[in-house]
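only geometry, no sequence info:
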């Protein structure tokens with residue numbers, strides 16, 4: 001049984017236009033995702049594809065005006081708002097992409113300890129800082145005084161101090177030098193080796209391939225493919241969805257071939273397959289209905305032409 005299982009999740013927001021007129025903008029729809037204990041699943045896709053919104057939906061930190069349907073289960077139980085609140089910051093941990101998530105007016109040692117209650121919080125915080133090579137001098141610093149590498153390690157510390165069972169890392173590596181990137185990735189690998197499930201949101205497919213077990217490809221608010229990392233090789237011939245193949249071939253280290261067109265906005269979604277307007281395999285059937293997800297070659301895909 002997956003530790004976290006998302007089934008047909010849809011998220012929309014009411015957007016006002018002229019006067020009191022409004023429209024419903026669906027930013028996530030029919031999205032399915034699952035992850036097992038001890039597994040790293042990398043979530044890739046262009047900006048606006050729903051990666052971070054999925055994370056916020058799992059954690060229960062979507063804006064109040066979000067309309068949500070579908071189900072999310074954690075460890076076999078439906079992840080209700082009350083259960084999300086109970087587990088958030090404990091069993092469910094979040095590593096955000098920006099140091100701006102830290103309180104600029106609080107010393108970093110207090111922010112890390114804040115996630116842990118009890119008399120052992122000082123001892124545990126010091127052990128974690130030592131583990132991540134954060135000296136005692138760092139404890140009294142404020143976020144603006146941290147280097148990029150220090151900030152990343154502080155953010156990871158806030159997530160792991162409660163020994164979380166599920167960690168969401170949202171774009172944890174952009175702007176960092178390669179030494180710090182390797183350090184961050186090795187931390188996530190160590191979490192998984194100890195039984196923690198890690199959802200790694202990233203634009204960097206190459207970094208994802210170095211640590212992940214599976215890659216989930218998002219497009220226009222839904223999952224179009226989930227594939228083992230070993231399928232991302234060569235010219236992408238082992239991949240299932242046309243978008244996954246195009247995304248792989250667009251990388252500079254591969255064919256560096258751009259994808260014509262652009263991802264549709266939430267209020268301009270096509271009726272059928274979301275990738276159909278940009279796909280050279282499109283048929284009449286593709287334009288009529290959103291393809292159902294199906295299991296194919298030890299992966300998942302939403303494409304009627306995938307073989």
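Yep, that arrived. In this text the structure is predicted, and so the values were computed from the model without any measurement.

Please name the bridge partners of the closest residue to residue 155 other than its chain neighbours.
Residue nearest to residue 155 in three dimensions, not counting chain neighbours: residue 95, with 5.3 Å by CB to CB, 6 or more residues apart in numbering. Every residue, glycine included, has its C-beta placed from N, CA and C. Bridge pairing for residue 95 (DSSP bridges) gives the partners residue 169.

and residue 95, what is it in contact with?
155, 156, 158, 159, 167, 168, 169, 170, 172 (CB atoms under 8 Å, 6 or more residues apart in numbering).

so which strand or helix has the fifth one?
Yep, that's residue 167 we're talking about. With elements taken from DSSP states H and E, the one containing residue 167 is strand 166-170.

And the contacts of that strand?
Contacts for strand 166-170 (CB under 8 Å, 6+ apart): 3-4, 35, 51-52, 55, 58-59, 74, 91-97, 159-160, 184, 188, 191, 196-201.

Could you give the average pLDDT over that strand?
Averaging pLDDT along strand 166-170 yields 94.

ditto for stretch 123-139
89.

Which positions in it come out as buried?
For stretch 123-139, the neighbour count (16 or more other CB atoms under 10 Å) marks 124, 125, 126, 128, 129, 132, 134, 138, 139 as buried.

which one among those gets closest to residue 237?
Closest approach to residue 237 among those (CB to CB): residue 132, at 40.4 Å.

In this structure that closest one contacts residue 155, no?
No - with contact defined as CB atoms under 8 Å, residue 132 does not count as touching residue 155 (10.4 Å).

Hmm, residue 187 is touching residue 156, no?
Yes - look at residue 187 against residue 156 with CB under 8 Å: they come within range, at 5.7 Å.

can you pull out the helices in the stretch 101-250 of the chain?
Counting by DSSP state H, counting those that start in this stretch, the stretch 101-250 of the chain has helices at residues 108-113, 121-131, 148-160, 178-193, 205-211, 242-249.

Mind jotting down where the strands sit in this protein?
In the chain, the strands defined using DSSP state E lie at 4-16, 22-35, 40-44, 66-74, 77-78, 92-95, 166-170, 197-201, 214-219, 222-228, 294-296, 299-301.
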